[in-house]
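> how does the following fold in three dimensions:
(one chain, ligands or ions: 1)
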Amino acid sequence: MDFELPGEDDPRRSGIRDWLAANPRPSGRQLAEAGFVAPHWPKPWGLGADPVHQLVIDDELRRAGVSRPVNPIGIGWAGPTLMHAGSDEQKERYLFPLLAGEEFWCQLFSEPGAGSDLANLSTRAVRDGDVYVVNGQKIWTSFGHIARFGILIARTDPDAPKHQGISYFICPMDLPGIEIRPIVEMTGLHTFNEVFFDDVKIPASMLVGEENRGWALAKVTLSNERVSLSTGGVLWGNGPTAFEFIDVIRKAGGVDDPVLRQRVAEIYCEAEILRLIRLRTVTAAVQGKPPGPEASVRKALADEHGQHVMDLAKDLAGTSGMLTNSGPLGQGDGTWNYGFLFSAALTVGGGTSEVQRNIVAERVLGLPHDIDVETGKTWSETRRA
Ligand SMILES: Cc1cc2nc3c(=O)[nH]c(=O)nc-3n(C[C@H](O)[C@H](O)[C@H](O)COP(=O)(O)OP(=O)(O)OC[C@H]3O[C@@H](n4cnc5c(N)ncnc54)[C@H](O)[C@@H]3O)c2cc1C
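You can find the predicted model right below:
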């Protein structure tokens with residue numbers, strides 16, 4: 001399971017270095033056109049890079065201090081779906097601006113009555129000549145207020161079984177009839193929104209794939225995770241890692257309280273297990289093996305690990321933890337308080353912890369399926385993840 005990146009003389013490295021020498025401060029557009037934003041995508045948008053090549057590109061960009069454009073939903077979700085099922089015109093129009101970070105995207109999936117059971121959605125899209133007329137409400141739409149486009153799923157056939165009457169659209173966020181209302185989080189920040197659709201006319205050319213076949217597309221991106229050696233921070237890849245947190249504790253002179261010391265040891269063990277799971281995943285990818293159950297196991301563990309780290313950081317702040325700019329052992333700033341408040345979202349967003357455990361129970365352990373009492377179907381047929 002040991003993993004070493006190719007050496008300094010690897011020709012893929014020199015190719016990237018030559019490019020970086022010619023483009024020392026590349027724009028998002030230059031990075032996109034060079035295929036470095038999503039190198040695992042096929043040409044011309046990526047390089048069709050295998051896992052080792054992807055890791056080499058990550059390594060070289062990191063060394064050169066070059067950051068990729070930020071457009072998580074565009075690059076992570078919308079782009080792979082458009083590549084999979086978009087028309088040639090859609091690919092031509094949307095993919096490069098999305099990769100370059102020039103057009104920011106959001107995801108219009110969740111509704112007040114459709115979260116884990118996403119196929120329960122009730123937003124309607126009715127074809128009327130060259131447009132679909134959309135009515136309904138979405139919720140928890142991250143970045144909806146700054147996005148240029150959204151990926152929208154809506155019901156186009158209310159009489160079909162619930163998974164079969166859903167269609168997938170590109171939705172310009174400035175269309176008449178769209179109202180975006182902010183939801184301010186308990187962190188004090190405004191990231192997500194409610195989005196209301198009142199007779200919104202989406203051009204029929206913005207349907208992705210076939211009408212009523214949107215459910216399959218909603219799941220496409222799940223298999224599109226980029227290979228990355230980094231375990232990232234504990235807040236969905238952002239924020240500090242547990243190892244960085246332990247360094248903060250060490251530099252501050254350590255912890256005397258035996259219960260708190262025990263918790264420091266526990267987060268170290270969790271972080272080490274997560275690191276090994278990540279290495280196993282990368283090793284499998286490099287050997288060309290399909291992804292195993294690690295993703296669900298990792299999400300179930302990683303989200304709770306993030307909460308454990310942030311809870312401990314708050315406790316180590318002592319009484320000053322009541323203040324918004326406090327950190328563990330007097331070392332911190334406002335980022336720790338933000339991390340503590342945000343960490344509650346980790347076990348909800350992107351598939352809740354309970355749903356992850358259902359997946360692990362059913363698909364990994366082969367336990368009996370959880371039955372939806374309303375439909376008589378298993379939850380694995382109806383849930384989001
Ligand atoms: C930070 C953040 C950002 C988000 N961004 C977006 C976004 O950009 N776009 C978007 O569309 N959505 C977004 N979401 C919404 C997210 O996808 C949903 O919150 C999530 O799918 C859970 O749905 P829900 O909130 O409706 O909870 P529910 O599905 O109503 O769940 C309520 C509770 O019931 C439990 N439960 C549900 N089903 C089962 C089951 N089968 N077995 C056991 N327990 C179950 C859940 O685990 C949970 O504890 C975001 C959420 C967060 C936290």
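
> could you list the buried residues of stretch 158-173?
Across stretch 158-173, burial judged by 16 or more other Cβ atoms under 10 Å covers Lys162, His163, Gly165, Ile166, Ser167, Tyr168, Phe169, Ile170, Cys171, Met173. Every C-beta, even on glycine, is put in place using the N, C-alpha and C of the backbone.

> and if you look at stretch 311-321?
Going by 16+ other Cβ under 10 Å, stretch 311-321 has these buried residues: Leu312, Ala313, Lys314, Leu316, Ala317, Gly321.

> now the helix or strand hosting the third one: average pLDDT?
Looking back up the chat, that one is Lys314. Per DSSP states H and E: Lys314 is located in helix 294-316. What helix 294-316 shows for mean pLDDT is 91.

> count of residues packed around the residue of the stretch 51-200 of the chain found nearest the ligand?
Relative to the ligand, the nearest point of the stretch 51-200 of the chain is Gly115 (1.8 Å; Cβ to the nearest ligand atom). Gly115: 20 surrounding residues under other Cβ atoms under 10 Å.

> check Arg213 too.
Other residues close to Arg213 by other Cβ under 10 Å number 17.

> pairing partners for it in the sheet, please.
Taking DSSP bridges as the rule, Arg213 bridges to Ile166.

> could you measure from it over to Lys314?
46 Å (Cβ to Cβ, to the nearest Å).

> now swap in Leu217 and tell me
Counting by Cβ to Cβ, the gap from Leu217 to Lys314 is 40 Å.

> please, where are all the helices along the protein?
Under the criterion DSSP state H, the chain contains helices at 11-22, 28-33, 51-63, 72-73, 79-85, 88-99, 214-218, 242-251, 258-286, 294-316, 334-342, 353-359, 379-382.

> just the endpoints, please. Distance across stretch 81-90?
11 Å (Cα to Cα, to the nearest Å).

> please see if that stretch touches the ligand.
No: on the criterion Cβ under 6 Å from any ligand atom, stretch 81-90 is out of touch with the ligand, staying 13.8 Å away.

> tell me the average confidence for that stretch?
pLDDT averaged over stretch 81-90 gives 96.

> who touches that stretch?
With contact meaning Cβ atoms under 8 Å, 6 or more residues apart in numbering, stretch 81-90 is reached by 41-42, 45, 91, 94-95, 151, 168, 170, 205-206, 208-209, 217, 220-221.

> and Ala265, how many neighbours does it have?
If you count neighbours by other Cβ under 10 Å, Ala265 ends up with 11.

> kindly provide the distance from it to Gly306.
Taken as Cβ to Cβ, the span from Ala265 to Gly306 is 17 Å.

> and Phe96, by the same measure?
34 Å.

> who has more neighbours out of these two?
Each of Phe96 and Gly306 has its neighbours counted (other Cβ under 10 Å); Gly306 has more, 27 against 18.

> can you tell me how far that one is from the ligand?
Per Cβ to the nearest ligand atom, to the nearest Å, Gly306 is found 12 Å from the ligand.

> does that residue touch Gly237 like I think?
No: in this structure, Gly306 is not within contact of Gly237 by Cβ atoms under 8 Å, at 10.0 Å.

> without its sequence neighbours, what residue ends up closest to Trp105?
Nearest residue to Trp105, sequence neighbours excluded (Cβ to Cβ, 6 or more residues apart in numbering): Gly74, at 3.5 Å.

> need the pLDDT of that neighbour.
In this model, Gly74 carries a pLDDT of 94.

> neighbours of it, just the number please.
Gly74: 30 neighbours (other Cβ under 10 Å).

> interface residues of the stretch 1-150 of the chain facing the ligand?
Cys106, Gln107, Phe109, Ser110, Gly115, Ser116, Trp140, Thr141, Ser142.

> most neighbours of all these, which one?
In those, the most neighbours by other Cβ under 10 Å go to Cys106, 29 neighbours.

> what's opposite that residue in the beta bridge?
Cys106 has these beta-bridge partners by DSSP bridges: Gly150.

> quick check: it touching Ala147?
Yes: between Cys106 and Ala147 there is a contact under Cβ under 8 Å: 3.7 Å.

> find the residues that touch each one of the two.
Common neighbours of Cys106 and Ala147 (Cβ under 8 Å, 6+ apart) are Ile73, Met173.

> which residues does Met173 contact?
Cys106, Gly144, Ala147, Arg148, Phe149, Gly150, Ile180.

> is it possible to get CSV of the buried residues of stretch 311-321 that adds distance to Val56?
Formatted as CSV, those follow (distance: Cβ to Cβ, whole Å):
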residue, distance to Val56
Leu312, 36
Ala313, 34
Lys314, 39
Leu316, 38
Ala317, 40
Gly321, 42
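
> what about Ile139, how many residues nearby?
20.

> Leu279 too?
Per other Cβ under 10 Å, the neighbour tally for Leu279 reads 15.

> from Ile273, how far out is it?
11 Å.

> let me see the contact set for Leu108.
By Cβ under 8 Å, 6+ apart, the neighbours of Leu108 are Lys138, Thr141, Gly144, Gly150, Ile151, Leu152, Ile153, Cys171, Val195.

> picking up where we left off before, which two of the residues of the stretch 1-150 of the chain next to the ligand have the greatest separation?
Spanning the widest gap among those are Cys106 and Ser116, at 19.9 Å by Cβ to Cβ.

> re earlier: just the buried subset of the contacts of stretch 81-90, please.
Using 16+ other Cβ under 10 Å, the buried members of the contacts of stretch 81-90 are 41, 45, 94-95, 151, 168, 170, 206, 208-209, 217, 220-221.
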